[in-house]
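Engineer: What follows is a predicted protein model with its sequence.
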Amino acid sequence: MTERRNEGRVRAVIDGLSPLVDGGRFVPKRIAGERVCIEAHCFTDGHDQLRVVLAWQAVNAAEAYEADMRPLGNDVWTAEFTPPAPGRYRCTVTAWVDHFESWRKELERREDLGDIRVALQVGSALISETAARVGDADAQALKNWAALLLESARPESTVDAPSLKALALDPERARLMQRHADRSLADSAALELFADRKRAGFSSWYELFPRSASSQPARHGNFKDVEARLPYIAGMGFDVVYFPPIQPIGRVNRKGTNNALKATPGDVGSPWAIGSAEGGHKEILRELGTLEDFRHLVATARELGMEIALDIAFQCAPDHPYVRTHPEWFKHRPDGSVQYAENPPKKYQDIYPFDFETDDWRALWAELKSIVDFWIEQGIRIFRVDNPHTKPFPFWEWLIGAVQGANPDVLFLAEAFTRPKVMYRLAKLGFTQSYTYFTWRNSKRELTEYFTELSAGPARQFFRPNVWPNTPDILHETLQSGVRAAYAARLVLAATLSANYGIYGPTFELMESTPREPGAEEYLDSEKYQLRYWTLDRPDSLRSLIARMNSIRRDNVALQSDASLRFCPLDNEELIGYLKSDESSDNVIVVVVNLDPYHVQSGWIELDLRALGLEDSTPYQVHDLLSDQRYQWRGRRNYVMLDPGRMPAHVLKLRRYLRTEHDFDYFL
């Protein structure tokens, strides 16, 4: 937003400040430790010179930093800075007509000795005005310079024109003037942004149910069982391990196996039906272990380079203590009963939603925030939020702002499979990452259009996609085939199209593919409603492929962000091709995926060689990081063929041609 003074002599104009989200109503997202580019359209009337600077500082910090912005042409100015730590930052662009620089520019073109002497008198006056404002040691240096210019400009002076110009244009003395520039008639415009830690922009998630982590069939798993499984997960290269709710599960209206309306003795219920006589959102299901066990698990995961992400579900089972102690926080029907949750056609008789329109909303908000604060105290820094689109937007803006104000390293993932504008609004309000429609985008056209929107459209400033091939709620028909190539293709797509992705396991690596019923997208015998025992060492597991894919992601910076994603022309609708690149490391990854899990597909892919810094005639190598095969390509069009029976994808690292003094060919 421009902050023009009510001063008619202000001539500088600041327009087109970026990045902005909704005119500055919301803040764009960036990553701490990575360069942030700020641009502004700055100009003035006439031919005077502008000076434009960028100042930036952490919000609420006293120390500020400043750098000159540089012109790119067409009145566009830019500067970069690197936020050193997570948090909110304020950036201010200031522009003013710089009379001293305008004078220097005018003097440069002067050749006539008389004109130069007049110009030196003008410059001397400008420098004297600045010296009068300066209260430090620079004042005397400026006074001396002004006096020297005035003396040299006298008619009787014998100094020649080139020497006079050199004296006036002395760059070292000019820096003194720049340091003390007169900004009294400056205009300014400011924006804010939020810098998250690295894991916000690049992460690999693995979801599991702790209660199904037991090494023995039919035994309820616990946190110690999960600890024993952590090396398996770390071995696949995941850095975030996400748990569904770990709190006590309600007994009233508990759901049975496969979402049966009535539970039978021994049914464990849905973890999202939170709360019972044993406690609510700040307690742990006793079968899982103690709070001390949980803290130990969090620490063990951290030692293995992973974080535990916890589910936040703001809802209650009918026997949650809140229902008894705060009945005003729930909607009641005319018969006095509490209204249970519904998401037509689904009904959740075991879940009571909060009434956010309650007169006691302030106390409700405070209590819900205290839940997040409690788990932060236990070492949790990542939360996956269940159905945030069913709670008021102002609540999330307040909650996330308050939590990150005290703990800027905390991340929030929005599980909101809803309308696009609602998903975008949640991201604008502060959610760090967001679930996407990837699960339902399967054709070449669907994938191309959707990920172009996410990586190149306006949403790229605030919406960080986290893509999942499957979740406990979603077994897409593509995976119901049980065909290995379908799972492999969806894995490669998820892991390369998005810097943030996740799988729900062990169902994914073991290719569990049976729906609850024909036409349904839910798993048969879902872990949501029962214990499961998993044989992790099955020979058909995708474990090794997943590990390889995550290793490729870690080793290639190009795959660790989304901004560089570009789709490549490919003359077969069953083949999709795209690339990602990182200019600083010259890392280029080209991905080709066969979307047909049953048949060999081939075609010609086109690369924009000029954008990659290659000539049409120069050979280059592409190294398939999945198969370790290498191919020599030349020119913009090259042939690809993928047999899904072997591997439905290429993940190709581009290696440039080099010739050594030994006249051998090398590719780096």
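Structural biologist: Thanks, I have it.

Engineer: What's the separation between the nearest residue to Arg566 once chain neighbours are set aside and Leu654?
Structural biologist: Of all residues not flanking Arg566 in the chain, Leu579 sits nearest, at 5.6 Å (C-beta to C-beta, 6 or more residues apart in numbering). Yep, even glycine has a C-beta here, placed from its N, CA and C like the rest. Using C-beta to C-beta, to the nearest Å, we find Leu579 at a distance of 8 Å from Leu654.

Engineer: ok, and for stretch 320-328, which residues are buried?
Structural biologist: Judged by neighbour count (16 or more other C-beta atoms under 10 Å), stretch 320-328 contains these buried residues: His320, Pro321, Tyr322, Val323, His326.

Engineer: In three-state terms, label the fourth one for me.
Structural biologist: The three-state label for Val323, taken from DSSP: H, G, I helix; E, B strand; the rest coil, comes out as helix.

Engineer: is it true that it touches Phe330?
Structural biologist: Yes - Val323 is within contact range of Phe330, at 6.4 Å (criterion: C-beta atoms under 8 Å).

Engineer: Give me the common contacts of those two.
Structural biologist: Shared contacts of Val323 and Phe330 (C-beta atoms under 8 Å, 6 or more residues apart in numbering): Cys316, Val338, Tyr352.

Engineer: So which elements touch the longest helix that the chain contains?
Structural biologist: Scanning the chain for the longest helix, with DSSP state H as the assignment, gives helix 113-133. Contact partners of helix 113-133 among helices and strands, from 3 or more C-beta pairs under 8 Å, 6 or more residues apart in numbering; DSSP states H and E: helix 99-108, helix 138-152, helix 161-168, helix 171-179.

Engineer: Other residues contacting it?
Structural biologist: For helix 113-133, contacts defined as C-beta under 8 Å, 6+ apart pick out 99-100, 103-104, 106-107, 110, 138-140, 142-143, 145-147, 149-150, 152-155, 157, 160-161, 164-165, 167-168, 177, 180, 182.

Engineer: Write the ChimeraX selection for whichever of those are buried.
Structural biologist: The buried residues among these can be selected in ChimeraX (16+ other C-beta under 10 Å) with this line:
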select :99,100,103,104,106,107,110,138,139,142,143,145,146,149,150,152,153,164,165,167,168,177,180,182
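
Engineer: just to revisit the earlier point, from the shared contacts of Val323 and Phe330, which is closest to Ala189?
Structural biologist: Closest approach between the shared contacts of Val323 and Phe330 and Ala189, by C-beta to C-beta: Cys316, at 46.3 Å.

Engineer: quick one, what contacts that closest one?
Structural biologist: Per C-beta under 8 Å, 6+ apart, neighbours of Cys316: Gly250, Ile274, Gly275, Gly280, Tyr322, Val323, Phe330, Ile351, Tyr352, Phe354.

Engineer: Now stretch 117-136: buried residues?
Structural biologist: Under 16+ other C-beta under 10 Å, the buried positions of stretch 117-136 are Arg117, Ala119, Leu120, Val122, Gly123, Ser124, Leu126, Ile127, Ser128, Thr130, Ala131, Val134.

Engineer: Can you lay out the residues you listed as a markdown table showing distance to Pro465 and pLDDT?
Structural biologist: Shown next, in a markdown table, are these (distance: C-beta to C-beta, whole Å; pLDDT from 0 to 100):
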| residue | distance to Pro465 | pLDDT |
| --- | --- | --- |
| Arg117 | 65 | 92 |
| Ala119 | 58 | 93 |
| Leu120 | 61 | 93 |
| Val122 | 58 | 95 |
| Gly123 | 56 | 94 |
| Ser124 | 60 | 95 |
| Leu126 | 53 | 95 |
| Ile127 | 55 | 95 |
| Ser128 | 59 | 94 |
| Thr130 | 52 | 93 |
| Ala131 | 56 | 94 |
| Val134 | 52 | 88 |
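
Engineer: Could you work out the most separated pair of these?
Structural biologist: Going by C-beta to C-beta, the pair spanning these furthest: Arg117 and Val134, at 25.9 Å.

Engineer: buried residues in stretch 232-252?
Structural biologist: Buried-residue list, stretch 232-252, by 16+ other C-beta under 10 Å: 232-234, 236-252.

Engineer: quick one, phi psi at Arg211?
Structural biologist: Backbone torsions for Arg211, taken as degrees, to the nearest 10, come to phi -70, psi -10.

Engineer: Could you do the one 4 residues further on as well?
Structural biologist: For Ser215, the backbone dihedrals are phi -90, psi 0 (criterion: degrees, to the nearest 10).

Engineer: what's the distance between the residue of the chain most remote from its centre and Ala85?
Structural biologist: Here the centre of the chain is the reference, and by C-alpha atoms, centre = their mean the most remote residue is Glu156, at 67.5 Å. Using C-beta to C-beta, one obtains 61 Å as the distance from Glu156 to Ala85.

Engineer: Could you list the low-pLDDT ranges of the chain?
Structural biologist: In the predicted model, the chain carries pLDDT under 70 at residues 1-6, 658-668.

Engineer: Could I get the CA-only coordinates of stretch 623-643 as CSV?
Structural biologist: Presented in CSV, the C-alpha positions along stretch 623-643 are these (Å, rounded to 0.1, in the frame of the first residue of the first chain):
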residue,chain,number,x,y,z
HIS,A,623,20.7,-39.7,-16.8
ASP,A,624,17.7,-41.7,-15.6
LEU,A,625,18.0,-41.6,-11.9
LEU,A,626,15.4,-44.4,-11.5
SER,A,627,17.1,-47.0,-13.7
ASP,A,628,20.6,-45.5,-13.8
GLN,A,629,20.5,-45.6,-17.6
ARG,A,630,22.0,-42.8,-19.6
TYR,A,631,20.9,-41.5,-23.0
GLN,A,632,22.6,-39.0,-25.4
TRP,A,633,20.2,-36.5,-26.7
ARG,A,634,20.7,-33.8,-29.3
GLY,A,635,18.4,-31.0,-30.3
ARG,A,636,15.0,-30.0,-28.9
ARG,A,637,13.1,-33.1,-30.0
ASN,A,638,14.0,-36.6,-28.6
TYR,A,639,12.4,-40.0,-28.5
VAL,A,640,11.1,-41.6,-25.3
MET,A,641,9.5,-45.0,-24.8
LEU,A,642,8.1,-46.3,-21.5
ASP,A,643,7.0,-49.9,-20.7
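
Engineer: Which residues belonging to it are considered buried?
Structural biologist: In stretch 623-643, counting by 16+ other C-beta under 10 Å, buried: His623, Asp624, Leu625, Leu626, Trp633, Arg636, Asn638, Val640, Leu642.

Engineer: for stretch 583-591, same thing?
Structural biologist: Going by 16+ other C-beta under 10 Å, stretch 583-591 has these buried residues: Asn587, Val588, Ile589, Val590, Val591.

Engineer: Within the sheet, what are the partner strands of the helix or strand containing the third one, with directions?
Structural biologist: It stands for Ile589. Secondary structure from DSSP states H and E places Ile589 in strand 587-594. Its sheet considered, strand 587-594 pairs with strand 575-582 (antiparallel), strand 649-659 (antiparallel) by DSSP bridges.

Engineer: Buried residues of the longest one, list them for me.
Structural biologist: Residues of strand 649-659 classed as buried: Ala649, His650, Val651, Leu652, Lys653, Leu654, Arg655, Arg656, Tyr657 (neighbour count, 16+ other C-beta under 10 Å).

Engineer: Show me which of the residues you listed is closest to Phe202.
Structural biologist: Distance ranking of the buried residues of strand 649-659 against Phe202, using C-beta to C-beta, places Val651 first at 16.4 Å.

Engineer: Identify the residue spatially nearest to the closest one, adjacent ones excluded.
Structural biologist: In space, Val651 is closest to Leu625, 4.8 Å off (C-beta to C-beta, 6+ apart).

Engineer: My guess is the one you found contacts Ile552. True?
Structural biologist: Yes - look at Leu625 against Ile552 with C-beta under 8 Å: they come within range, at 4.9 Å.

Engineer: what's the overlap in contacts for the two?
Structural biologist: Both Leu625 and Ile552 are in contact with Val651, where contact means C-beta under 8 Å, 6+ apart.
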